[in-house]
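Student: here's a sequence, model it:
(one chain, ligands or ions: 3)
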Amino acid sequence: MSINKEIKRITTETLRGMKGVEKISMLTSYDFTIAQMVDAGGIDAILVGDSASNVMAGHETTLPITLDQMIYHAQSVVRAAKRCLVVVDLPFGSYQSDPQKALDSAVRIMKESGAHAVKLEGGKEIAESISRIINAGIPVMGHLGLTPQSIYQFGTYKVRAKEEAEAQKLMDDAKLLEELGAFSLVMEKIPADLAKKVTESINIPTIGIGAGPNCDGQVLVVHDMLGMTHEFKPKFLRQYLNLYDEITNAVQQYVADVKSVDFPNEKEQY
Ligand SMILES: Nc1nc(=O)c2c([nH]1)NC[C@@H]1CN(c3ccc(C(=O)N[C@@H](CCC(=O)O)C(=O)O)cc3)CN21
Ligand SMILES: CC(C)C(=O)C(=O)O
Ligand SMILES: [Mg+2]
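Tutor: Ligands and ions are numbered 1, 2, ... in the order given. Model (predicted):
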């Protein structure tokens, strides 16, 4: 129930109801200005991803970003998101050690940012933590396949679950997440056939990134699809703009205009 009757908010229940009816669109955002445009574009859900560690802070991996930093990003996005659901990644180190810590971290995100749900990477290993968070009334989105917080265990960002054993574990983890009460599940960089099989075998929506067309929805990093992240072009990415070149060219023009005193002109002064 919303106090603001003007805009109908998309909820975790809305997303659940979209499975098999309508595909779910999701993009990341980390700040107010981008989130405002993503919400206005009609997105179903925004992910405040720990990819902020790469995209916003310039780190090599998602590991360094802190819970405080994730909360700062989430607060900015929540201020802009009028219509879509806002999901926030629990960062590396904020939930893996024990269920109490996981719950405390999720509670901080919900209390301090006003976001609507949290996302955690992993299956069986973190089952107890997922239960604790869900039992506290906080909606949880799962994340299986290429889970970037485990990059030093994987060694590469190559496609996951190509072998039978890992594919079977992913199937089991997906079913477990559903049983635990997760409202949805991200599957990252896995074979399209496996993603299709998982999607057909559970009743919660799957959101794919590099997981083929048979997931219930798709997610991308917004800076990637806008062409802002220089030279990041994995096979699964569709680039809708080339803002890296657009912005670099605009800056070049500005530099030239300042040097030549073309800017500011008579109309641009008092
Ligand atoms: N900007 C950005 N976009 C993302 O999608 C993203 C992040 N950052 N940071 C966190 C994770 C890491 N992700 C990644 C990282 C690399 C590939 C990737 O496919 N990279 C290369 C090489 C892979 C290989 O070693 O074979 C590729 O060309 O596909 C995919 C997703 C997804 N997430
Ligand atoms: C790539 C998506 C699923 C993510 O977890 C992130 O952006 O952090
Ligand atoms: Mg993430």
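
Student: check contacts around the residue positioned nearest the centre of the chain.
Tutor: In the chain, the centroid-proximal residue (Cα atoms, centre = their mean) is Leu47; its distance is 3.3 Å. Residues near Leu47 by Cβ atoms under 8 Å, 6 or more residues apart in numbering: 26-29, 87-89, 119, 219. From N, CA and C alone the C-beta is placed, and that goes for glycine too.

Student: give me that answer again for 7 Å
Tutor: Going by Cβ atoms under 7 Å, 6 or more residues apart in numbering, Leu47 touches 26, 28, 87, 89, 119, 219.

Student: let me know the pLDDT of it.
Tutor: Each residue has a pLDDT score; the one for Leu47 is 99.

Student: show me what whichever helix or strand Ile130 is part of is packed up against.
Tutor: Assigned by DSSP states H and E, Ile130 belongs to helix 127-135. Applying 3 or more Cβ pairs under 7 Å, 6 or more residues apart in numbering; DSSP states H and E, one finds that helix 127-135 makes contact with helix 99-113, strand 140-145, helix 164-180.

Student: quick check: buried residues in the last one?
Tutor: Buried residues in helix 164-180, counted by 16 or more other Cβ atoms under 10 Å: 167, 170-171, 173-174, 176-178, 180.

Student: centre of the chain to it, how far?
Tutor: Counting by Cα atoms, centre = their mean, to the nearest Å, helix 164-180 is centred 21 Å from the centre of its parent chain.

Student: what's the closest of the helices and strands packed on helix 127-135 to Lys259?
Tutor: Taking Cβ to Cβ, helix 99-113 is the member of the helices and strands packed on helix 127-135 nearest to Lys259, at 42.8 Å.

Student: if you count neighbours, what's buried in the very next helix or strand once past the closest one?
Tutor: Using DSSP H and E, the next helix or strand after helix 99-113 towards the C-terminus is strand 117-119. Neighbour-count burial for strand 117-119 flags 117-119 (criterion: 16+ other Cβ under 10 Å).

Student: kind regards, and thank you for your time.
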